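In: Need the 3D shape of this:
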Amino acid sequence: MLGRWRGNRTKQGQRTGPLAAVRVPPGAGVLSCRVLDPVNEPVPQAEFVVSDAMGRKVVGGGTDPYGLFVATVPAGEYRLAVSAEGYTPYRASAVVDESVLASLGDVTLQIAQPYELPEVGDWEIEPTHSSIGFTARHIGLAQVHGRFNNFAGAIRIAESVERSAMHVVIDAGSIDTNVKMRDDHLRSADFLDVQRYPTLEFYSDRFAHRGGNRWAITGALSLHGVTRTVTLDTEYLGLGNGMEGEVRAACRATTELRRDDFTVSWQTMLARGIAVVGPSIRVELDVQIVPKS
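Out: Below is the predicted model:
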């Protein structure tokens, strides 16, 4: 749904109520709305993104426990996107004038129709259209992005999806951060020690539906000779057809790993006492699966 609002002409000094005390910088105005579900209950933690006319993000955040979102922005024209798990995204535009409260009023989100789930049976990861990447903090400042180039996986979809199972094997030596010296170090005994532990493996038979298209896939990750329980925060993206008409399903998933949990504890400090490599690694997966042939 699209809408367009212009702020009311009440000047800041003439406001009454809670916003009367809000100090607005020169050249700025206030943008607000309340997000509700179809039965007029507030939607807390709905994601709100405000972009300028060029599509650049200006401000974002989540609604409070009462479904409210309030932001101070420079006077101008804006595009807004409101989203929440299990609801259809809402988009609108608004004009914010200087020293004016531009209220969108109540925004009602509609329940989203869930995507059709994969058919019961054996599926496998299609590596050409899948990726397993990671992000690590480097010297407390920059982020290093990498990926594993070689992996394989199988998924058995059960009649009750919650009882499905998956097994993924990753070639540890295929780690790739686009810098050979760094990749060689990551393969060494300081980190992955690929000579002793050539693969990373993840096995799960616990698929928990979190509502809408969100799932939690919990299983055992074996890395560097250590096995720990890990949960993938997963967004199911639905079914589609490939170029040759084959059915495929897609999902995105993320998780956070701590190096010390897997005894990947190599640590060197710079002169200022900053760790060369951060303690946690963010893992991001974009996966497409196809029926096993």
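
In: What residues of the one helix or strand Phe48 maps to count as buried?
Out: Assessed by DSSP states H and E, Phe48 sits inside strand 47-52. Residues Glu47, Phe48, Val50, Ser51 are the ones in strand 47-52 that count as buried (16 or more other C-beta atoms under 10 Å). (Each C-beta comes from the backbone N, C-alpha and C, glycine too.)

In: Let me know the closest of those to Asp260.
Out: Asp260 lies nearest to Glu47 out of the buried residues of strand 47-52, by C-beta to C-beta, at 31.7 Å.

In: Leaving out chain neighbours, which residue sits closest to that closest one?
Out: In space, and not counting its chain neighbours, Glu47 is closest to Ser83: 5.0 Å by C-beta to C-beta, 6 or more residues apart in numbering.

In: Tell me who's in contact with the residue most central in space within the chain.
Out: In the chain, the centroid-proximal residue (C-alpha atoms, centre = their mean) is Thr254; its distance is 6.8 Å. Thr254 makes contact with Leu232, Asp233, Arg282, Val283, Glu284, Leu285 under the criterion C-beta atoms under 8 Å, 6 or more residues apart in numbering.

In: Thr218 belongs to a helix?
Out: No: going by DSSP: H, G, I helix; E, B strand; the rest coil, the assignment for Thr218 is strand, not a helix.

In: follow-up on the earlier one: quick check: the two most widely separated of the contacts of Thr254?
Out: Leu232 and Arg282 (12.1 Å).

In: Neighbour count for these two, which is higher?
Out: Here Leu232 and Arg282 are set side by side on neighbour count (other C-beta atoms under 10 Å), and the busier one is Leu232, at 22 against 16.

In: can you tell me how far the more buried one sits from Thr218?
Out: From Leu232 across to Thr218, the span is 8 Å (C-beta to C-beta, to the nearest Å).

In: Report the set of residues contacting both of the two.
Out: Ser204.

In: related to what we said a few turns ago, in which helix or strand does the residue nearest to the centre of the chain reside?
Out: Per DSSP H and E: strand 247-258 holds Thr254.

In: Give me the distance from that strand to the chain's centre.
Out: Centroid displacement of strand 247-258 relative to its chain, using C-alpha atoms, centre = their mean, to the nearest Å, is 10 Å.

In: Tell me which other helices or strands whichever helix or strand comes after that strand touches.
Out: The element immediately downstream of strand 247-258 (helix or strand, assigned by DSSP H and E) is strand 277-291. Contacts defined by 3 or more C-beta pairs under 8 Å, 6 or more residues apart in numbering; DSSP states H and E place strand 277-291 against strand 121-125, strand 131-138, strand 151-157, strand 247-258.

In: Perfect, I'm done here.
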